[in-house]
Structures are given as C-alpha cells and as structure tokens.
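Participant: Here is a sequence together with a model predicted from it:
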Amino acid sequence: MKASDQAVRQRRTITGLLVILLLAAAVVALRTGARPSRWSDLWPSNNTVATEIVFSLRLPRVVLAGLVGMSLAVAGSLMQALTRNRLAGPSLMGLGPGATLAILGAMILGKPSVPELSAISFVGATAGGLLVFAVAAASPRGATPPRLVLAGAIVGGLLNSVTGALIFRLQLAEVFLYWTLGGIGTTTWTQIIGVLPLMVSGISISWLLAPSLTLLAAGEERARTLGLHAERVRALTMLAVLLLAGGAAAAAGPVGFVGVMVPNLCRTWTGPSVRRLLPIAALAGALLVVTADLITRKLTGQIIDIPLGVVTAVLGAPSVIWIARSKVRRLP
Amino acid sequence: MSRCAPLVLAALLLLMVCTLALFAGSHWLSPHQLWLALTSSENPSADLRLLSTFRLPRVAAAVLIGALLSISGCLLQGVTRNVLADPGLLGLHSGAHLALVMLLLLASPVVAGNLRIPVAFAGAIVTVALVFATSRQHGSTSRDILLIVGIAMGAALHAVGLLIAFSAPSEVLARAMVWTTGNLSGVGGREVTLLFLTLAFVTPVALGIGKQMDLLALGDDCASSLGVSVTRVRLLAVTLGVLGASVCVAVGGAIASVGLIAPNLARRLVGPRSRPLLLLSVCCGATLVVLADTIGRTAFGMMELPAGILVAAVGTPYFLCLLVFR
C-alpha cells in the first residue's frame, strides 16, 4: 500500500512537472521570433501589432506543435502496447512515409482543402502501415520486433524515394523539401481546425481503449476469459493509431522518432498500464515537439527553415539504439 | 564448368548493357553513326566528342561504382554473417555524407574537391566502428541489433548532416542534396580514374582473403582453429568494404541497396563461396547501376532522374522478397 502511494505521488509530481515545463516552453515559443516581444504583448487586451503577431502567428504554431507531439506520442504508445514491441512507432512502421507520399500526390494533382488533406493523409498512413505489417508478417519468423523495424525501414525507404523522385521530377524543390522532411511553417487557425477532428477522435478512442489494451498486453488468453473482444480492441486501436498518425502527418509532414522515443521514456515512470501512460506520454510528446520547433526557429537556415523532422531525428534516433540494446525489447 | 556459366553470361550481359548505354541518351546514336564517327577523316567529329567526353566517363563511372558497392556489400555480409547487411543499412552512407557536408562547409571548394575521398572514408569508418561498438553486448553481436543500430545511427547522422546543410549557404545545400540521392551527372575522367584505382586496389585483396572469408563463415572458433587470424581478416574486410563504398559516396552520392541486391542475386546463382560470389556480384552490381543510370537519363525526357532513386525503386521489392522468402 505504501509503495503504491509513493508511485501515485511520483506520477503526480511528474505530471505537474511536465505541465509546468510545457507551459514554460509555450511561453518562450510565443516570445521567440523575428520580432522580439515584451511580456505585455502576451496579454490579449492590448490591441497592438505585437499582440497580433503573438496571437495569430505564433500561438497557432505552438498549439499545432503541441497537438502533433501529443498525437504522435499517443499513437506510439498504442502501437507499442498492441504489438508488444518497444520499437514500434508511426514513422518506423511506414505510416509517416505513406501519409507524406499521399499528401504530396494530392498536392500535385490539385489544391486540396485542409479537411481533404486530413482524409488523404489518413488513407496514405493506412496504406503504408498495412504494407509494412504485411511484409513483416509474411516473413518466416513472423512480425518480430526487429523484422518489423527492418520492413519499416525498407518500405519507408521505398516510399521516401518515390516522394524524392516526384519532388525531383517536378522541380518542386524548396518548399516541398522543407515540408517532406517534416515541419510546421506558417500555421493558421483554420489549419488546426482541419486536423483537430482526427486528433481528438483518435485520442478519445485511445483513452476509452486503454484498460482493454493493458489487459490484452498481459496475455490474450487471460483477456478472453475476462470477456474481452480481442479482435474488436485490435481493430479499434489500429483505427485510433491511423487517425492520430494521419492527423499529425497532415499537420506537419513526417516528424520522426517522437512516437518511439516518448512512450519508452515515460514507461519507466508509469509501468505497463496504458491508461497511466497515455496522459504522461501525451504531455511529454507535446513538450518535445514544441521544444524541437523552438530549436528549429532558433537555428534559422539561410534559405529555408530547418525542418522539424531533422531535429526530432537527431534527438530520437539515439533512443532507438538504446531500446535495441536493452534486454527487454518485447513488452511484458 | 557449371560455375563458370553464370559468370560468363553475366559478363556478356554487362557488356551488352554498357554498349546500349553508350548509344542511348538525349541524342541517340546508331552503330552506323559510330562507325562513321570512328572512320571519318575530319578530326574528332561531334558524335565522337559526345561519346568520349560525356557518355564514356559516365558509363565507366556507373560500372565502377556498381562493382565497388557490390564488393563492399559482399565483404560486409561476410563479416557480419548476415545476408541483409548493406553499406546503406549499416549507416555508412550517412557517415560519409555528414563528413562531406562538414568538409564543404569548412574548406574552400578546391581543397574540398581534393580531400573528399579521405574525408568520406574517415566519416564512414568512424560510423561503422560506432555501429559495431554500440551493437556489441556481452562480447557478442546479435545480427538484428546490428542492423537496427545501423538504421538508427544512419538516420541520426543523416539528420545531423541535413541540419548542417540547411544552415549553410545555398551551394552547400544543393551539393548535399545531390549527394543524398546518388547522381552520376557531372562525373569526368578524374573521378573515373579515382574509382578505377580504388577498384584495382580493392578487388585483388578481396579475392586474396576469399579463402579466409569462407572459413570465417564456419564460425570464429572453427576458423581460428584452422589457422585464420580472425580479427585481422575481419578488420581487413571491413576496411576494404568501407573504402569501396565511401569512394562511391564521394564521387556519386549514396546509391542505396546495390550492395544488398547484387551479392544476394549472385549468391542465388553460384552459392556462398567467396571468390565466385565476389566476381559474379561485381557483374550484377555494375549491370544494375548502368541500367538504372541509363534509364534515368533517357526515359524521362530532358529531366534526369538520379540513379539512386531508380536503384531504390528496383532494390526495395527485391529486398522485401529476400526478407519474406529466405
């Protein structure tokens, strides 16, 4: 009893700490930009140009970054619980590359609106994910964690090379180059409203599913005897993952490694319970992407901005090495 | 005799593809035109100049790069005892790429041009050493972990390279982006010479350690009891593999998965013995790159599609088959 009290207190401390850090990062991000802001500009009642910049340019960007991070971290948590594989994540499993290619195709063919983009991105993520799982499951030893990563790397490589070929062939170069490496450029509130339905529905489904997922992860036999529809839970989880990954890709392109890294870090504090993991992972994911976006703005490139996906890859790839080296690559 | 047949056939195929590649292009030549060009009395005709200054170096570079990457793949697969090992998957391309971007940024263009091969080699060998060291656990290396660490290390170094390139002046960025896809446009006689010298150095040594590599495949204990100095052969093979691949990156950029496809294709045809495998995969790899480069510069009109993208498009399905059906 004592130990569990302590665990609860630790989780509360961590949640509080994450909220404070996230708010701090958001405030710093609101004040950072080409035009320096004073503290008073953060107050909406002052009707100045500086306030206008903060509320119609910087705030949407920060909010979108937070939403993207949240979605990716939650999607990663779900995938890891579902496949019992610590190396699972939206970008490693072909969801990100699939969505990117689909969006690029749509952008070449026409001028899709934001809700249309979300739908297309969802379809692309589905196709990419299905391809990776099909390939890994068809290999003789089944979809083991390393097989999945390999299949993901290869299918992702193929999808990315097609994306690269399209960009190269059509000389779309700079704008698309930035976008296909993952980035949150100028953001408007309409853009956020366009992707919000995907993210909100994905997060709510995952919150409702979390207890069943924890049970399922503990063993399918036991879950069945407790009256769980394993297939239904799996299908709904995949739906939530695709909604979240599709939404994130529609908003920011392929931002890699967030979905793998964050849940693994957070699980050391929360243990295997998915419901305990989700809020902390969501907060940490938002914090990570808001900070990474802030870094990209601090390191402004000479021609184009530094893509967000590049920063998250630098931060996240070492964590994959760490997971691969750790003894438990499968979740308990 | 039956072991020679695939080799002879592959060599013939390579020859045919090369001839085709010489004739093909935005300006197609016919054998008749070539004959006229060679025999015409006027000093170098336009067709001959086109052939000798543009087509020939490019086809030669494609052959040499394909050959070097295949040897590199063979050696790395032998050392790691993993048929899925490949210079790209081990993070080697990204390491060389990062080193080259840093060189471009720090040195003047002339110095950078002269130093790029040693620098690419240094970047690649440090990366491979890092990948091997990081994936080693309790004195042994699991094959799957090695590849995951390689993929992750490659992604991280690639991202660092892009990070540097994006904050650099535009000409560095443009060059860096060309290197990431693998493109053979703009190779000249100098590059061909460099590639040729590397191949001329790597091939005999790789063939020379063929016997030891065969024994190494039986396991470290077995090989060392048969008198192979395991560490030395390993070190030599990895160094040669990295040298071959990094010279290719320095000249033509990262052409992915040739080092994976060619040796596996060859293994299907002649079996796992090192020497025939090495020779046949050289032919396969060269054919593949020449074909990809030729298609890339002819099939899409005026715009050239980089060879790296085409090889990836061919290579991925093949790799998937390998993963599924082995």
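Facilitator: All right, it came through fine. Numbers count the residues shown, from 1 in each chain, chains lettered A, B, ... in the order given.
Participant: residue ranges with poor pLDDT in chain B?
Facilitator: B:1-3, B:26, B:38, B:40-45, B:138-141, B:178-182, B:300-303, B:319-320, B:322-326 (pLDDT under 70).
Participant: Okay, strands next: where are they in it?
Facilitator: Per DSSP state E, chain B carries strands over the ranges B:136-137, B:140-141.
Participant: do the stretch 101-250 of chain A as well
Facilitator: Taking DSSP state E, counting those that start in this stretch to define them, one finds no strands in the stretch 101-250 of chain A.
Participant: how about the helices in it?
Facilitator: Assignment of helices within the stretch 101-250 of chain A using DSSP state H, counting those that start in this stretch yields the ranges A:114-138, A:145-169, A:173-180, A:189-218, A:220-225, A:230-252.
Participant: Return the most buried member of those.
Facilitator: Among the helices of the stretch 101-250 of chain A, the stretch with the highest mean neighbour count (mean count of other Cβ atoms under 10 Å in any protein chain shown) is helix A:230-252, at a mean of 24. In short, each C-beta sits where N, CA and C put it, glycine included.
Participant: Give me the distance between that helix and the centre of its chain.
Facilitator: Chain-centre distance of helix A:230-252: 11 Å, with Cα atoms, centre = their mean, to the nearest Å.
Participant: Repeat that for stretch A:154-173.
Facilitator: 22 Å.
Participant: picking up where we left off before, format the helices of the stretch 101-250 of chain A as CSV; extra columns: distance to chain B and mean pLDDT.
Facilitator: Listed next are those as CSV, based on distance: least, Cβ to the nearest Cβ, whole Å; pLDDT from 0 to 100:
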stretch, distance to chain B, mean pLDDT
helix A:114-138, 5, 82
helix A:145-169, 4, 74
helix A:173-180, 7, 60
helix A:189-218, 22, 88
helix A:220-225, 25, 80
helix A:230-252, 16, 85
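Participant: now for these, which one comes closest to residue A:310?
Facilitator: helix A:173-180 (10.0 Å; Cβ to Cβ).
Participant: on that earlier part again, got TSV for the helices of the stretch 101-250 of chain A, with distance to residue B:166 too?
Facilitator: Output for the helices of the stretch 101-250 of chain A, formatted as TSV (distance: least, Cβ to Cβ, whole Å):
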stretch	distance to residue B:166
helix A:114-138	24
helix A:145-169	16
helix A:173-180	9
helix A:189-218	23
helix A:220-225	46
helix A:230-252	17
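Participant: Which one, of these, ends up nearest to residue B:262?
Facilitator: helix A:145-169 (16.5 Å).
Participant: what's the closest one packed up against?
Facilitator: helix A:95-109, helix A:114-138, helix A:173-180, helix B:143-166, helix B:307-325 (3 or more Cβ pairs under 8 Å, 6 or more residues apart in numbering or on different chains; DSSP states H and E).
Participant: I'd like these written out as TSV, with distance to residue B:28 added.
Facilitator: Output for the helices and strands packed on helix A:145-169, formatted as TSV (distance: least, Cβ to Cβ, whole Å):
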stretch	distance to residue B:28
helix A:95-109	30
helix A:114-138	38
helix A:173-180	30
helix B:143-166	37
helix B:307-325	19
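Participant: quick one, which of these is nearest to residue A:292?
Facilitator: helix B:143-166 (11.4 Å).
Participant: buried ones in the closest one?
Facilitator: B:144-166 (16 or more other Cβ atoms under 10 Å in any protein chain shown).
Participant: Can you give me the pLDDT of the residue nearest the centre of chain A?
Facilitator: Nearest to the mean C-alpha position of chain A, by Cα atoms, centre = their mean, lies residue A:72 at 1.6 Å. Note for residue A:72: predicted pLDDT of 93.
Participant: residues touching it, list them.
Facilitator: A:90, A:244-245, A:248, A:255, A:258-259, A:262, A:285, A:289 (Cβ atoms under 8 Å, 6 or more residues apart in numbering or on different chains).
Participant: Over to residue B:130?
Facilitator: Taking Cβ under 8 Å, 6+ apart, one finds B:91, B:153 in contact with residue B:130.
Participant: ok so the residue nearest to the centre of chain A is a helix residue?
Facilitator: Yes. Counting by DSSP: H, G, I helix; E, B strand; the rest coil, residue A:72 is found in a helix.
Participant: now, which of the contacts of residue A:72 sits nearest residue A:60?
Facilitator: residue A:289 (14.2 Å).
Participant: Skipping its backbone neighbours, what lies nearest residue B:195 in space?
Facilitator: residue B:64 (3.9 Å; Cβ to Cβ, 6 or more residues apart in numbering or on different chains).
Participant: meant to ask about residue B:152, not that
Facilitator: residue A:320 (3.9 Å).
Participant: How about the secondary structure of that neighbour?
Facilitator: Quick answer, by three-state DSSP: residue A:320 is helix.
Participant: residues contacting it?
Facilitator: So residue A:320 contacts A:87, A:92, A:257, A:260-261, B:148, B:151-152, B:155 (Cβ under 8 Å, 6+ apart).
Participant: same thing but at 7 Å, please
Facilitator: A:87, A:257, A:260, B:148, B:152 (Cβ atoms under 7 Å, 6 or more residues apart in numbering or on different chains).
Participant: For the residues you listed, work out which two are farthest apart.
Facilitator: Most distant of the contacts of residue A:320, by Cβ to Cβ, are A:257 and B:148, 13.1 Å apart.
Participant: What's the separation between residue B:160 and residue B:5?
Facilitator: Distance of residue B:160 to residue B:5, computed by Cβ to Cβ, to the nearest Å: 47 Å.
Participant: Without its sequence neighbours, what residue ends up closest to residue A:296?
Facilitator: residue A:306 (4.5 Å).
Participant: give me the number of residues near residue B:35?
Facilitator: 10 (other Cβ atoms under 10 Å in any protein chain shown).
Participant: At the contact with chain A, which residues of chain B appear?
Facilitator: Within reach of chain A by Cβ under 7 Å from any Cβ of the partner chain, chain B has these residues: B:134, B:137, B:144-145, B:147-149, B:151-153, B:155-156, B:159-160, B:162-163, B:166-167, B:169-170, B:173, B:181, B:256, B:300, B:303, B:305-306, B:309, B:312-313, B:316, B:319-320, B:323-324.
Participant: returning to what we had before: mind checking which of the helices of the stretch 101-250 of chain A is nearest residue A:22?
Facilitator: helix A:189-218 (15.9 Å).
Participant: Hmm, residue B:163 is touching residue A:310, no?
Facilitator: Yes. Assessed by Cβ atoms under 7 Å, residue B:163 is found in contact with residue A:310 at 5.2 Å.
Participant: Contact partners for the residue nearest to residue A:296?
Facilitator: A:296, A:299, B:163, B:166-167 are the contacts of residue A:306 under Cβ under 7 Å, 6+ apart.
Participant: picking that back up, quick check: the residue nearest to residue B:195 touching residue B:199?
Facilitator: Yes. Residue B:64 is within contact range of residue B:199, at 5.5 Å (criterion: Cβ under 7 Å).
Participant: Now residue A:295: closest residue in space, sequence neighbours ignored.
Facilitator: Using Cβ to Cβ, 6+ apart, the closest residue to residue A:295 is residue A:311 (5.3 Å).
Participant: what do you get for residue B:79?
Facilitator: residue B:237 (4.9 Å).
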